[in-house]
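# Got a sequence here, can you build the structure:
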Amino acid sequence: MGNRHDSAVARHAQQETATAPRGFREVLLSPGDCSGCGACMELAPDIVGWREGDERPFLVSDMAPDGVLTELMAFCPEGCFEDGDAS
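Residues are numbered from 1 along each chain as shown. Here you go, the predicted model:
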């Protein structure tokens, strides 16, 4: 009986880790009002990429460290970034 319970607990912990690793938050991007400044790509190239022909950012990763997401939201002049984990 203990093994089944332990396995269920381990699976639950893996699911939580897979959806939101500790210290990371979900990034939402709405580039509709993007001014094309490119600050987001300079600030977080592991999270944000840039389409040259489109002149718009795109998400390389939809998860970012807390501090990086906070900076993206603070430095984007058009407010294109949001915290997907905020309720």
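# For V27, see how far away E55 is.
Plainly put, E55 is 20 Å away from V27 if you go by C-beta to C-beta, to the nearest Å. Every residue, glycine included, has its C-beta placed from N, CA and C.
# quick one, which of these two is more surrounded?
A count of neighbours by other C-beta atoms under 10 Å puts V27 above the other of E55 and V27, at 23 against 12.
# So F58 sits against L29, correct?
Yes: counting by C-beta atoms under 8 Å, a contact exists between F58 and L29, whose distance comes to 7.3 Å.
# The two: which has the busier surroundings?
Neighbours of F58 and L29, each counted by other C-beta under 10 Å, are more numerous for L29; the result is 20 against 12.
# I figured the more buried one hits L59, correct?
Yes: using C-beta under 8 Å, L29 and L59 qualify as a contacting pair, with a distance of 5.3 Å.
# shared neighbours of these two, which are they?
Both L29 and L59 are in contact with V48, where contact means C-beta atoms under 8 Å, 6 or more residues apart in numbering.
# which strands and helices sit next to the helix or strand hosting M73?
Counting by DSSP states H and E, the element that carries M73 is helix 66-75. With contacts defined as 3 or more C-beta pairs under 8 Å, 6 or more residues apart in numbering; DSSP states H and E, helix 66-75 has these neighbours: strand 24-29, helix 39-43, strand 81-83.
# Contacts for that helix, please.
Residues from elsewhere that reach helix 66-75, judged by C-beta under 8 Å, 6+ apart: 23-25, 27, 39-40, 43-44, 47-48, 64, 79, 81-83.
# distance of E42 from R22?
If you measure E42 against R22 using C-beta to C-beta, the figure is 27 Å.
# between those two, which one's more packed in?
For E42 and R22, the more surrounded residue by other C-beta under 10 Å is E42, and the numbers stand at 11 against 7.
# State the distance from that one to S30.
The value you get for E42 to S30, if C-beta to C-beta is used, is 19 Å.
# do T70 as well
17 Å.
# of these two, who's got more company?
Set T70 next to S30 and count neighbours by other C-beta under 10 Å: T70 wins out with 14 against 11.
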